[in-house]
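> Below are the sequence and a predicted model; questions follow.
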Amino acid sequence: MSKGELNVQFVRPDKLLYEGPVASLVLVARSGELGIWPGHASEICALGDGVVRLTRREVDGGGTVRVIVAGGYAEVDDDNVIILADHARRSDDIEPEVVRETLLAAQEARDALDEGDHRRAYYENKMAWCNLLLSHADDEA
């Protein structure tokens, strides 16, 4: 890794989403956005719900990789960043119609349960994730 870049590993429980150098990135922390550039102090932060933006190096074509996240943690140490997201999806990998179908199925499953059933929380979390994806799918259009 050369000076002036960060080495990033971005993972979710089932998949490596991104690995490689970036010029900078913006994390969505629970307390707000957190910009990370080379030379940033070591830090661990809890991720919130929103968009993590990875700014690619000019030599790699530049541009921004956007990843929608919900929960997790990020660790910054010596120009290395490890992002462990509970839920994550690249914005260019969102299929709105599939997400809408999943949202509808989750609503129906939740509504079939009694009000006091603890399993409703699972479906409500799934619905929140679908709504987050849909809210950022429009950003790509």
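Looks like it came in fine.
> I'd like the average pLDDT over the longest helix seen in the chain.
Secondary structure assigned by DSSP state H gives helix 120-140 as the longest helix of the chain. In this model, helix 120-140 has a mean pLDDT of 90.
> hang on, residue 37 packs against residue 24?
Yes: using C-beta atoms under 8 Å, residue 37 is in contact with residue 24, at 4.7 Å. In this view, the C-beta of every residue, glycine as well, is placed from N, C-alpha and C.
> With neighbour numbers in mind, choose between those two.
A count of neighbours by other C-beta atoms under 10 Å puts residue 24 above the other of residue 37 and residue 24, at 18 against 15.
> Quick check: the gap between that one and residue 40.
9 Å (C-beta to C-beta, to the nearest Å).
> Then residue 67?
For residue 67 relative to residue 40 (C-beta to C-beta), the value is 19 Å.
> More neighbours: those two, which one.
Higher neighbour count among residue 67 and residue 40: residue 67, with 24 against 17, using other C-beta under 10 Å.
> ok, and the more buried one, which helix or strand is that part of?
When elements are assigned from DSSP states H and E, residue 67 belongs to strand 64-77.
> Which elements pack onto that strand?
Other elements packing on strand 64-77 under the criterion 3 or more C-beta pairs under 8 Å, 6 or more residues apart in numbering; DSSP states H and E are strand 15-22, strand 24-29, strand 43-46, strand 49-55, strand 80-90, helix 120-140.
> domain assignment for this protein?
Domain ranges of the chain: 6-92, 94-140, per automatic domain parsing.
> Comparing those, which comes out most buried?
domain 6-92 (a mean of 17; mean count of other C-beta atoms under 10 Å).
> What is the distance between that one and the centre of its chain?
8 Å (C-alpha atoms, centre = their mean, to the nearest Å).
> hmm, who's touching the helix or strand of the chain with the lowest mean pLDDT?
Using mean pLDDT, DSSP states H and E, helix 120-140 stands out as the lowest-scoring helix or strand of the chain, at a mean of 90. Where contact means C-beta atoms under 8 Å, 6 or more residues apart in numbering, the residues beyond helix 120-140 that reach it are 49-51, 66, 68, 70, 87, 89, 91-92, 94, 96, 99-100, 102-103, 106-107, 109-110, 113.
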